[in-house]
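> the amino acid sequence is not available; the structure is as follows:
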């Protein structure tokens, strides 16, 4: 039997709005109200209590690159960040392109027991863009979101076939939108800063042409479509127009794209190298506004661990991607002013809905699943060292505001910040 936990004195997101009250948690939410008791009490005064966060975009590196991260270390980092569910990207070695590999990752998550680990299936065999992966086998293994993340599916005919197959089943195609011809050899955003550095770069249109093409296929097939890590104002406008047209389109933004501009690359620090790359101030402003108004549905970290030695090279030779699970709460709070209800919608409720996770992203009420987070929006702390096996973070060593102080997954306390 799960030990009972009392979350005392917090601001609780319920189906009836935000209430100042206590929450008693066991195998599920046992009670919401005053006068509750339990052996383990967490003081939630001044804190937000709501459904555990859900990340649609995480790289766990297992199988194949466990020296960067594995399901265990990535799950621990997620719990430390307030997450109770994460979607594991399929660009592993081998790629998650068949049912037995998806089951392996999901089972590793269950064994670890810190968060719900949900495998994303590759759209094409080996993520090579030539043949469709074993979509039926992946579907039978419980996969509902499919992506060749790390690369776009360049063959429109192949993508159409995948969309037609998945449209009838309600699956989601999640696209890493980056035209390989336009992006080839680029290391940062194409603009004034890349010109100043004399560095080969990726134009914003490399993202936008893929999204525009894919939206035409969505209109043709009726497939659910999700734009990963939106980085440009042009993509925002494409998504906004598609939603106005009634297409089944959703989108995510990463915390680093809400925060930093391409000016950071002047430091030549590889912790500012990610794909899509950091863009301009105008793009950042558009992303923030789109997250606020719901054009962008969700925040997803694109947590991408790399070992320290990989960054000890010139910027152009460094791998792309940064970690983000443990800093997501603070990064979003510092970039965008969201009220409690909107914050939980963008980081929990909407992502759970997109992924079809019925036990996640639910407002707190008696009988609801015991997947919860307690967030102190005013807590100041210094980022790092991190629980993640890798430390490649653009926030490393920076002062942050806002932090998950307790995470509960399936009634188990998986993370707690203890006052000293």
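Right, received. Where do you want to start? Quantities reported herein were computed from a predicted structural model and do not represent experimental measurements.

> hey, let's count contacts and neighbours off CA atoms from now on
OK.

> can you get me a residue count around residue 220?
12 (other Cα atoms under 10 Å).

> ramachandran angles for it?
Dihedral angles of residue 220 (phi, psi; degrees, to the nearest 10) stand at phi -80, psi -40.

> over to residue 377?
The phi/psi pair for residue 377 (degrees, to the nearest 10) is phi -70, psi -20.

> next one: residue 64
Torsion angles, degrees, to the nearest 10, at residue 64: phi 110, psi -30.

> element containing the closest residue to it other than its chain neighbours?
With Cα to Cα, 6 or more residues apart in numbering as the criterion, residue 64 has its nearest non-adjacent residue at 4.5 Å, and that residue is residue 93. Of the helices and strands defined by DSSP states H and E, none includes residue 93.

> check residue 408 too.
Secondary structure assignment for residue 408, by DSSP H and E: strand 399-409.

> flag the shaky bits of the stretch 151-300 of the chain, pLDDT-wise.
Applying pLDDT under 70 to the stretch 151-300 of the chain flags no residue at all.

> show me where it has its strands.
Secondary structure of the stretch 151-300 of the chain (DSSP state E, counting those that start in this stretch): strands at 172-175, 224-227, 249-253, 298-299.

> OK, contacts around the one residue sitting closest to the centre of the chain?
What sits nearest the mean C-alpha location of the chain, by Cα atoms, centre = their mean, is residue 300, with 2.3 Å. When contacts are counted by Cα atoms under 8 Å, 6 or more residues apart in numbering, residue 300 touches 55, 56, 57, 58, 229, 252, 253, 254, 255, 347.

> mind putting those into JSON lines with distance to residue 86?
Below are the contacts of residue 300 laid out as JSON lines (distance: Cα to Cα, whole Å):
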{"residue": "55", "distance to residue 86": "5"}
{"residue": "56", "distance to residue 86": "6"}
{"residue": "57", "distance to residue 86": "7"}
{"residue": "58", "distance to residue 86": "7"}
{"residue": "229", "distance to residue 86": "15"}
{"residue": "252", "distance to residue 86": "14"}
{"residue": "253", "distance to residue 86": "15"}
{"residue": "254", "distance to residue 86": "14"}
{"residue": "255", "distance to residue 86": "16"}
{"residue": "347", "distance to residue 86": "11"}
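
> closest to residue 139 among these?
Nearest to residue 139, judged by Cα to Cα, of the contacts of residue 300 is residue 56 at 17.7 Å.

> picking up where we left off before, between the strands of the stretch 151-300 of the chain, which one is nearest to residue 198?
Nearest of the strands of the stretch 151-300 of the chain (Cα to Cα): strand 249-253, 28.0 Å.

> surely residue 68 and residue 303 touch.
No. Residue 68 lies out of contact with residue 303 (Cα atoms under 8 Å); the separation is 11.5 Å.

> if we can go back for a sec, roughly how far does the residue nearest to the centre of the chain sit from residue 230?
10 Å (Cα to Cα, to the nearest Å).

> mutual contacts of those two, please.
With Cα under 8 Å, 6+ apart, residue 300 and residue 230 have common neighbours 252, 253, 254.

> compare the residues you listed and tell me which has the most neighbours.
Of the shared contacts of residue 300 and residue 230, with other Cα under 10 Å as the count, residue 252 tops at 28 neighbours.

> that residue: what's it in contact with?
Here residue 252 is in contact with 226, 227, 228, 229, 230, 296, 297, 298, 299, 300 (Cα under 8 Å, 6+ apart).

> got a quick ChimeraX command for the buried subset of these?
In ChimeraX syntax, the buried subset of the contacts of residue 252 is picked out as below (16 or more other Cα atoms under 10 Å):
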select :226,227,228,229,230,296,297,298,299,300
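
> in this structure, which spans are helices?
Remark: helices assigned in the chain by DSSP state H are 71-80, 99-112, 135-140, 156-167, 180-183, 192-197, 205-221, 233-244, 255-259, 281-293, 328-335, 340-344, 350-355.

> ok, residue 116 - contacts?
Listed by Cα under 8 Å, 6+ apart, the contact set of residue 116 reads 84, 85, 86, 109, 110.

> can you give me the buried ones in stretch 390-404?
Neighbour count says stretch 390-404 has 390, 391, 392, 393, 394, 395, 396, 400, 401, 402, 403, 404 buried, by 16+ other Cα under 10 Å.

> tabulate these (JSON lines), appending distance to residue 151.
Shown next, in JSON lines, are the buried residues of stretch 390-404 (distance: Cα to Cα, whole Å):
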{"residue": "390", "distance to residue 151": "22"}
{"residue": "391", "distance to residue 151": "24"}
{"residue": "392", "distance to residue 151": "21"}
{"residue": "393", "distance to residue 151": "22"}
{"residue": "394", "distance to residue 151": "23"}
{"residue": "395", "distance to residue 151": "26"}
{"residue": "396", "distance to residue 151": "27"}
{"residue": "400", "distance to residue 151": "32"}
{"residue": "401", "distance to residue 151": "34"}
{"residue": "402", "distance to residue 151": "33"}
{"residue": "403", "distance to residue 151": "32"}
{"residue": "404", "distance to residue 151": "32"}
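
> from residue 407, how far off is residue 78?
From residue 78 to residue 407 the distance is 10 Å (Cα to Cα).
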